[in-house]
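pasting the sequence and the predicted coordinates here, then a few questions.
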Amino acid sequence: MRLRTALASYRENFRVASRQSPLVLLLLGLSLAVILPLASLALWAFRQEAVQLLSFFNIELLELAARTLLLAGLATLWAAALALPLAWLVVRTDLPGRSWWRWLAALPLAIPSYVGALTYITLLEPTGPVNRFLGWLTGQGPLVNIYGFWGGVFVLGLFTYPILFVLVAASLEVTNPAYEEAARSLGKGPRGVLWSVSLPLVKPSITAGALLVFLYSASDFGSLSLLRVRVLTTEIFHQLNTRFDLGTAALLALVLVAITGLVLFGQRKALGARYFTQISTASRPAPRAMLGRWRLPATGLVIIIMLLALILPVMVLVSEIPGWDSFWQSLAGQGRYTLNSLGASAGAASLGLILGFLIAYAAQRKRMIWGKGLYSITQLGYAIPGTVLGLGMILFYNNYLPWIYSTWFMVVIGYLVRFSPQTMQASRSSLEAIHPHLEEVARSLGLGPARAVAKVIVPNIRAGLLAGWALFFISAMKELDATLLLRPAGFDTLSVRIYVHTLEADFSSAAVVALVQIIITAIPLSLLLRRKERRMQLG
Amino acid sequence: MGRTIINLDNVTKTYPGALEPAVETLSLSVERGGITSILGPSGCGKTTSLRLIAGFEKPDSGTITINDRLVAGGSNWVPAENRGVGMVFQDYALFPHLTIRENVAFGLRKNSSTSRRQKVDRVLEIVGLAPFARRYPFELSGGQQQRAALARALAPNPVVILLDEPFSNLDPDIRAQLREEVKRILLDTSSTAILVTHDQEEAFSMAQRVAVLHEGRLEQLGSAEEIYHQPQTRFVAKFVGQTDFVSGWLTAQGVKTELGFFSDLQVGKCGSPGEEVEVMIRPDDVHITPDQDSNGIILRREFKGSENLYTVRLDSGQLLTSSQPSTLILNTGTRVKTWAQPVHVVVFRRKEEAQCDIIGPAQA
C-alpha cells in the first residue's frame, strides 16, 4: 500500500518534471542506457548456480583480481615517474626548447595503447629485430620478452603518461608565484619550497591524473590482450568468445566494476576531505628554476622519454610499410574501415554533443527533480571499462531489444554511454562562463527560450562545444574494447583492424592502419592542444 | 501623474529551498512616465520584484499586470519574451559575439531592415554611441557598455525599462556622470523606468518616486523628500540617511525632549500626556555651540570634506550626530550646547515600528 502511494508520488513528480522541462527525458534515457547493461550483468552473474558461483570464488578469481590491481598500480607508478619530472622540467625550468617539448610530450595521446603494444611487440617479440641483434651479439636465444605482465606494465605506463602530464603541467603553469614567494619569505629554501608548497599545490591534479591512469590500466583490454596478459578484461573476453560462458564473464565483469567503483569512491573520499583550489590563479608566470649543470642530463632524459613514447613507435610504424606502392594499395584496402570508423565516431560525437549540451544546460539552468542523481549516473559511463560495457550491452540488448542488437547502432550507443560525459563536461564548463543574464536579456528582447539559447548561448561557447566534440571524436576513433564486442558482423573499424592484424602477426598491415588512425586523430588533437595554449596566453 | 502601468498585487515569492519568502504580499503600482526606484538593503527582495515583473520568476501567489494585461497570477502566465519589458543589468550582459550595433538591433527582428537601421541609428545617437557602433562590447569602457545596454533595452520601445543596480560596477566619478546621462535619456525618450538600487543617493538623484523595501515588504512609497523627512517606519528612518532616536515625553501641547520642546503634536495619536515616546532627529537638524556649562560633550569628529560630522554625548547618555560646516572645527572633549530645530518632527511610540505622528509642513 505504502509502495503504491510512493510510486504514485514518483509518477506525479515525474509528470511535473517532464512538463517543466522535457529535457529530463534525455537525462533519464542516458541514465537508463548506463544502468541497464550493468543491471543485466548482475542478473546474469547471479543466475549462476550457487555451487558454480562458489567454485569460482577461488584462488583463480582472487589471483586475476590481484594481478589486475598490481598491474594497474605499477603502470600508474611508471607513468608518474615519466610524467612528473617531464612536467616540472617543461613548465618550471629553463629547459632548452621547452615550448616544443610541452607540445610534443602530449602528443602520445594520439597513440592508443594497443598501437603502442603493436609497436613494441614488433620491436621486442622473440624473433623481432632487437632479439635478433642481441642473439647475434651474445649467441643466445631471445633475451627480451615483451609478452606477459611486465610488458603490459611497460606499455601501459608509457602510453598513458600524457594524461598525467597534461593535468600536472597545466596546474604547474597556473601556480600563483605568490605562494612560493610567501614560503621563501617565511624562511624556506628552494628545496623546502618545492616539497612544502609547490608539490602540495599540484597534488590534486597529480591525484586526479594518477586515478585516470589507474582506471585506464585496470580496464584496458586491447594492449593487454595483444601482450597476452591474463587480467580481468582479457579473461572476460576469453570466457565470452572462446568458452561462451556468459555467466562467468558477467561475474568477472562485476568484480572489475566493483574495483573501479571502489577506486572512484576512495578518491572521492580522499579528495572530499581536503579539496582545495588555489584562490587566485597566476597573474604572472611562475618563476623558472635554473638547471645549471643539470641542463644536459635533463635534456637527455626528456629526449629519451620522447624517443620511447613517440619517436620510436612512429618510426616502427613507418618502417613496417613495405613500400609506397603497397602502402597505397593497402591504404585503398582500408577505405571501408576508415569510413566505418569516421562515420560511427563523427556520428556518435555529434549526437553526443547535442545530448551533452542539452543535459548540461538542463542540469545547470533548470531545477529538475532527481537532476543531480541522474547526472552523476550519466557520468559513470566514463568509468565503466569498455569490455564490461560491451558485455553488459550484449546481455541487455540481445535479450530485451534484439532489433537493435547486431546493428551498428550498438556501437554508437556504446560510444554515447562511454564518451558523452566528455561533451557534457565541456558544455558545462563553457556554460558556467556564460552569465544567465545574457539569456534573460534575449528573452526580454522577445526571443523564445529555444531561440535565446541558439542565438545567444551557442555562438558564445562554440569553441568549447567544438572542443568537447573533438574529445569525443578522438576517444571514439581510438575505442577498441567495446567496439570489438558490439560491432555487428562485418562492421570493422580501424581499431578493430589494428587489433586483428596484430593478433595475426601481420604487423605491416597493422602499421598501415595504425598510421591512418593516428593521422586522423592527430588533426583534432593538435587543434585542441593549440586552443589550450592560446587560452593560457590570453588568461 | 499618469495612470498605472505596472501593478503588483499581494505578490509572494519563495525560492525553492529558502525558509523566508524573498517577496511577501508585496503590492506596488508604478505610473506611466518617469523613474521609480526600488530601494533597500541587499536581500530585501528588490531584485526579485524586478525579476517578477520581467517574467524571469513566477510568483507563488498574487497578480502582476502590465498595461492592464494580467501577466502573472492564477493560471495566467506571459513569458518574458512577450511582456515588452526592457532589461538593463549591473553586468551589462551585452552579447559578446555581436557588435554594439548588432546588440542594439537584437530586439528589432520584426521590423523591416530599413526601419531597423533607422531605429538603431537614432537610439545610438541618443545614448551618444554612434561612433562606436561597429565595435565589440569588450572594446568599450564600463560606462559606454552601460549606455549600450540601455540603448539595446530602449530600441524596441518597451512598456517599461527595468534597471538592476545599473551603476554599481562603475567607478564613483563615472557613476555620478552616467546617472545624470541615463536620467536625461530616460526622460527625453519619455520612458517609464524602474531602477533597483541599494544606494539612496542614486535613488534620490534619479527617481521621482522611491519605494523602500525591507524583508520582502514595501515599507514606504513616496517622493525622495517624503522618504527622507517623513519616514513612515523606523526602518526607513534608519536606512535612509543618518538618524538618531531621542526619548521624549508627551505633554498636552507636544513632546518634550532634551533637545527642546516640539509643539503642534496631535497628542491623541501617540498616546496620553506623560507617556514616553521617541523622536527621530537628523544630523542636519542638530545644532551645537561650545559652552562650558552645557549638557553635551564631543566624542568624535569625522571630517567628510563638505561637512564635519560630530558625535555628541549628552549627560543623559544619549548619543547624537550633528552635521556642521567643514570649517567649524571643535576638538573632542569640548563641551557643547546641543539643541534641535527640525522642520519635521517624526514621533514613534516606544517599541512600535510605524510612526504615530509627523509635525511640520506637509510636502507638496
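Arrived safely.

number of nearby residues for the residue in the stretch 201-350 of chain B that chain A sits nearest to?
Chain A sits closest to B:Glu202 of the stretch 201-350 of chain B, with a gap of 20.0 Å, by C-beta to the nearest C-beta. Backbone N, C-alpha and C define where each C-beta goes, glycine included. Burial of B:Glu202 is recorded as 20 neighbouring residues (other C-beta atoms under 10 Å in any protein chain shown).

who touches it in this structure?
B:37, B:167, B:175, B:179, B:195 (C-beta atoms under 8 Å, 6 or more residues apart in numbering or on different chains).

assign a three-state SS to B:Glu255, would you?
In this structure residue B:255 is Val, not Glu. strand (DSSP: H, G, I helix; E, B strand; the rest coil).

partner residues bridging it?
Judged by DSSP bridges, the bridge partners of B:Val255 are B:Leu250, B:Phe262.

would you confirm that it contacts B:Val346?
No. The pair B:Val255 / B:Val346 is not scored as a contact, 10.8 Å apart, by C-beta atoms under 8 Å.

taking the contacts of B:Glu202 together, which two end up most distant?
By the measure C-beta to C-beta, B:Ser37 and B:Arg175 form the most distant pair in the contacts of B:Glu202, at 15.0 Å.

these two: which has the busier surroundings?
Applying other C-beta under 10 Å to B:Ser37 and B:Arg175 shows that B:Ser37 carries more neighbours, namely 27 against 19.

only C-alpha atoms, please: export the helix or strand containing the more buried one in PDB.
In this structure, B:Ser37 is located in strand B:34-39 according to DSSP states H and E. Only the C-alpha atoms of strand B:34-39 are listed here, as PDB (Å, rounded to 0.1, in the frame of the first residue of the first chain):
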ATOM      1  CA  GLY B  34       9.300  58.900 -15.100                       C
ATOM      2  CA  ILE B  35      11.600  56.900 -12.900                       C
ATOM      3  CA  THR B  36      10.600  54.900  -9.900                       C
ATOM      4  CA  SER B  37      13.300  53.500  -7.700                       C
ATOM      5  CA  ILE B  38      13.100  50.400  -5.600                       C
ATOM      6  CA  LEU B  39      15.400  51.000  -2.700                       C
END
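
partner strands of that strand, with direction?
Short version: by DSSP bridges, strand B:34-39 pairs with strand B:192-197 (parallel), strand B:209-214 (parallel).

wait, what's in contact with the closest residue to A:Gly392 other than its chain neighbours?
In this structure, A:Gly392 finds its nearest non-sequential neighbour in A:Pro37, 2.9 Å apart by C-beta to C-beta, 6 or more residues apart in numbering or on different chains. For A:Pro37, the contacting residues are A:389, A:391-393, A:395-396, A:417, by C-beta under 8 Å, 6+ apart.

swap in B:Cys44?
B:213-216.

show me the helices in chain B, by range?
Assigned by DSSP state H, chain B shows helices spanning B:46-54, B:100-105, B:113-127, B:142-154, B:172-188, B:200-206, B:224-229, B:234-239, B:267-270.

where in the chain is pLDDT low?
No chain was given, so I picked chain A. Low-confidence segments of chain A (pLDDT under 70): A:1-21, A:48-57, A:269-286, A:366-370, A:529-539.

nope, chain B
B:1-2, B:265-268, B:360-364.

do you know how far the residue most central in space within it is from A:Pro313?
By C-alpha atoms, centre = their mean, chain B has its centre lying nearest to B:Leu39, at 3.3 Å. Taking C-beta to C-beta, to the nearest Å as the measure, B:Leu39 falls 69 Å from A:Pro313.

cool, B:Leu250 as well?
In terms of C-beta to C-beta, B:Leu250 sits 97 Å off from A:Pro313.

quick revisit: and the helices of chain B as TSV, adding distance to A:Thr260?
Below are the helices of chain B laid out as TSV (distance: least, C-beta to C-beta, whole Å):
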stretch	distance to A:Thr260
helix B:46-54	44
helix B:100-105	49
helix B:113-127	57
helix B:142-154	49
helix B:172-188	56
helix B:200-206	57
helix B:224-229	64
helix B:234-239	58
helix B:267-270	75
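
quick check: closest non-adjacent residue to residue 88.
Picked chain A for this. A:Leu172 (6.7 Å).

wait, chain B
Using C-beta to C-beta, 6+ apart, the nearest residue to B:Val88 is B:Leu163, at 4.5 Å.

show me what the one you found is bridged to.
Bridge pairing for B:Leu163 - DSSP bridges - gives B:Val88, B:Leu195.

sounds good, over and out.
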